[in-house]
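# Just to be clear, the model below is a prediction. Sequence and coordinates:
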Amino acid sequence: MNGSVVTYTLERCVKCMRCVQACPTSALRMEDNRVIIDGHHCLNCGKCMRACHSQGLLAKGSTLEDIKNYDYTVCIVPGALISSCRSLDEAENLFYAIRELGFDEVVDFTDIEGQMMQETRILAEADEGLVISSMCPVINKLIEERYPMLVNHLAPLNYPSEIAARKIRERLKDKGDVGIFHLCECEAKLAFAKYPYLNMQYEVDHALATVDIFPLIRENLDKGRLPVTLCREGLQACNPTMMLQMPDDLIADGFDKINDILDMTEFGLLERFRILHLFPCFNGCIGGHLLWGNSYLTKNNIDALTSERRKQPSEINIEKLYSGRIISGDEDPRTLMEKLAFFQKVNEQLELLPGYDCSACGMQTCRIMAEAIVNGTKKLEDCHILHSMKEKDV
Amino acid sequence: MASLLHKEYEVVRDDYSLAGKVSSDIKRTLSAVGISPAVLRRIAVASYESEINMIIHAWGGVITLDVMEDGTIQIVFKDPGPGIADLEKALTPGWSTASEKARNMGFGAGMGLPNIKRVSDEFDIQSSEAGTTLTLGFREQA
């Protein structure tokens, strides 16, 4: 996953630099009055979109037009989205309304989300070290980017939506060309589809941004029902305060706290824990940026949705899942001497810069500006502060 | 041997609020240089433990970081006292002299020095009443 699902809409941008400053991996910069997103470093965490006040950034998914390209279509719905329903009746209305968009089937995969929680625990119990849950793509890429020494702790499991899609494909192998659409709660999940991002290795064909589709769903909300049975463990897995917590689990949400915890893990201070469940979004997946409900309200729905009847986590053949994710681990071809020489040059430039990290030059911080100067893509004169100080002197 | 990168940090006695700040900076600096994750992990563990030792056992001190010409990463932890009374015991797993306050904060399990020694490629400790100097060396594993 090297692409960013965030696209820049020039005409709405007011060039305030909020998005550039919000990025946890410094993947955004302003160049010639345009925001440039480095897809290689973008986590698809959506922090830039949340920081934007002018809708200058949008997460683009597939459209419903694509339904007609298939013989048979299935929409898969994550627990995070279903949690916006206050009762099972509402969930049944929601599933009906989704099917009315033109799908042949609407399928929840809370049973697989629940099972993946249990698989993570099985791994942690078999393993001596600490296991970091790998259900969130943002966490996985954050660790690759910022905490490479912790990559080995990530549970080597595939994503629930991918496993769900594979199971559906097996079941429907006689139905001709089957199109699987994932209705997504956040930007990060949008990136796991063949289209519109040309990721050929995924089982899900199309990713739909829930906010885009919701106005259409609403039109059919009270028109009928589809039977729905949900898995409690799967719904609970969407929220840090609702999930089943064992004494040696550590659960945290919000970017700042997660960084603290990953720092502590690197220092070897969390060895007494077995599993880390980390959610970059406040309140976990039900706090996904593409949902419409307030996550502090919707988390209270989880109990109601599974009080009348529920299904158990689904049995899945774990052996088949291990080929799932590939950790990039790009090797730096430079020698230590070359790396140090570059580092020294960057430090020399950094000394000359004001150090306010104001982003006015288009780069997130003075250090990144210093790197750009050493790489030759920027000049010291591009610093607005230095420029204005010079003018005052003259 | 010449040092290609040199940094110096001051550590303040009993200032728990700053515990780990130097180790974080060492980690960030070496990560920015491009030191490999495997070595960084060992450095992070050893430098955090050593930094905490200076805060809770010693009267503060100075930490220096050097990247040497041959690629060795050297970190020296130098404090002005009171010195380790029984060095042999201090190197024994489980032995601890940490104060009540430190133990209440979760420090002082008696695994400090043995752990530091385990993860370092070079380990030297000199101690007297005039202070303790801990010198650690790390190298990329071939």
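Good, I have the coordinates.
# quick one, strands of the chain?
This is for chain A. In chain A, strands defined by DSSP state E lie at A:6-8, A:28-31, A:34-37, A:57-59, A:72-77, A:105-108, A:131-132, A:178-184, A:206-209, A:249-253, A:275-279, listed in chain order.
# You answered for a different chain; I wanted chain B.
Under DSSP E, chain B gives strands at B:3-11, B:61-68, B:73-78, B:122-128, B:131-138.
# So which of the ones you listed is nearest chain A?
strand B:3-11 (4.9 Å; CB to the nearest CB). Every residue, glycine included, has its C-beta placed from N, CA and C.
# on that earlier part again, can you say which of the strands of chain B is nearest to A:Ile275?
Closest to A:Ile275 of the strands of chain B is strand B:131-138 (CB to CB; 29.6 Å).
# what residues does the closest one touch?
Contacts to strand B:131-138, defined as CB atoms under 8 Å, 6 or more residues apart in numbering or on different chains, come from residues B:39, B:42-43, B:46-47, B:50, B:53, B:58, B:61, B:72-81, B:83-84, B:116, B:120-127.
# related to what we said a few turns ago, could you dump the strands of chain A to JSON lines with mean neighbour count, distance to chain B and mean pLDDT?
Shown next, in JSON lines, are those (neighbours: other CB atoms under 10 Å in any protein chain shown; distance: least, CB to the nearest CB, whole Å; pLDDT from 0 to 100):
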{"stretch": "strand A:6-8", "mean neighbour count": "18", "distance to chain B": "26", "mean pLDDT": "88"}
{"stretch": "strand A:28-31", "mean neighbour count": "20", "distance to chain B": "18", "mean pLDDT": "94"}
{"stretch": "strand A:34-37", "mean neighbour count": "18", "distance to chain B": "22", "mean pLDDT": "94"}
{"stretch": "strand A:57-59", "mean neighbour count": "21", "distance to chain B": "28", "mean pLDDT": "90"}
{"stretch": "strand A:72-77", "mean neighbour count": "23", "distance to chain B": "35", "mean pLDDT": "98"}
{"stretch": "strand A:105-108", "mean neighbour count": "21", "distance to chain B": "38", "mean pLDDT": "97"}
{"stretch": "strand A:131-132", "mean neighbour count": "25", "distance to chain B": "14", "mean pLDDT": "94"}
{"stretch": "strand A:178-184", "mean neighbour count": "27", "distance to chain B": "31", "mean pLDDT": "97"}
{"stretch": "strand A:206-209", "mean neighbour count": "24", "distance to chain B": "31", "mean pLDDT": "95"}
{"stretch": "strand A:249-253", "mean neighbour count": "18", "distance to chain B": "14", "mean pLDDT": "96"}
{"stretch": "strand A:275-279", "mean neighbour count": "25", "distance to chain B": "16", "mean pLDDT": "96"}
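# Nearest to A:Tyr195, out of those strands?
Taking the strands of chain A one by one with CB to CB, strand A:206-209 is closest: 5.4 Å.
# if I read this right, B:Phe53 contacts B:Lys78, doesn't it?
If you look again at residue B:53, you'll see it is Asn, not Phe. No: B:Asn53 is beyond contact range of B:Lys78, at 12.0 Å (criterion: CB atoms under 8 Å).
# So which of those two has more stuff around it?
A side-by-side neighbour count of B:Asn53 and B:Lys78, using other CB atoms under 10 Å in any protein chain shown, places B:Asn53 first with 24 against 17.
# what sits against residue 80?
By default, I'm working from chain A. A:185-186, A:238, A:284-286, A:288, A:291.
# looking at chain B here, not the other one
Contact analysis of B:Pro80 by CB under 8 Å, 6+ apart lists B:58-61, B:130-131.
# returning to what we had before: in ChimeraX, how would I select just the buried ones from the contacts of strand B:131-138?
Those of those that count as buried under 16 or more other CB atoms under 10 Å in any protein chain shown are selected in ChimeraX with:
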select /B:39,42,43,46,47,50,53,58,61,72,73,74,75,76,77,78,79,83,84,116,120,123,125,127
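# Report whether the top helix by length along chain B contacts chain A.
In chain B, taking DSSP state H as the definition, the longest helix is helix B:37-56. Yes: shown here: helix B:37-56 in contact with chain A (CB under 8 Å from any CB of the partner chain) through B:37-38, B:40-41, B:44-45, B:48-49.
# out of these, which is most surrounded?
B:Ala44 leads the residues of helix B:37-56 next to chain A on contacts (other CB under 10 Å) with 26 neighbours.
# of all the contacts of A:Ala80, which comes closest to A:Asn158?
Nearest to A:Asn158 among the contacts of A:Ala80 is A:Cys285, at 16.7 Å by CB to CB.
# Distance from stretch A:204-219 to the middle of the chain?
Distance of stretch A:204-219 from its chain centroid, counting by CA atoms, centre = their mean, to the nearest Å, is 17 Å.
# List every C-alpha atom in that stretch, with coordinates, as PDB.
Coordinates of each C-alpha in stretch A:204-219 appear next as PDB, following Å, rounded to 0.1, in the frame of the first residue of the first chain:
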ATOM      1  CA  VAL A 204     -12.200  -6.400  -2.500                       C
ATOM      2  CA  ASP A 205     -12.900  -4.900  -5.900                       C
ATOM      3  CA  HIS A 206     -14.300  -1.500  -5.000                       C
ATOM      4  CA  ALA A 207     -14.100   0.700  -1.900                       C
ATOM      5  CA  LEU A 208     -17.000   3.100  -1.200                       C
ATOM      6  CA  ALA A 209     -16.700   6.100   1.100                       C
ATOM      7  CA  THR A 210     -19.700   5.900   3.400                       C
ATOM      8  CA  VAL A 211     -20.300   9.700   3.500                       C
ATOM      9  CA  ASP A 212     -20.600   9.700  -0.300                       C
ATOM     10  CA  ILE A 213     -23.200   7.000  -0.400                       C
ATOM     11  CA  PHE A 214     -25.100   7.900   2.700                       C
ATOM     12  CA  PRO A 215     -27.500  10.500   1.100                       C
ATOM     13  CA  LEU A 216     -28.600   7.700  -1.300                       C
ATOM     14  CA  ILE A 217     -29.000   5.200   1.500                       C
ATOM     15  CA  ARG A 218     -31.100   7.600   3.500                       C
ATOM     16  CA  GLU A 219     -33.800   7.800   0.700                       C
END
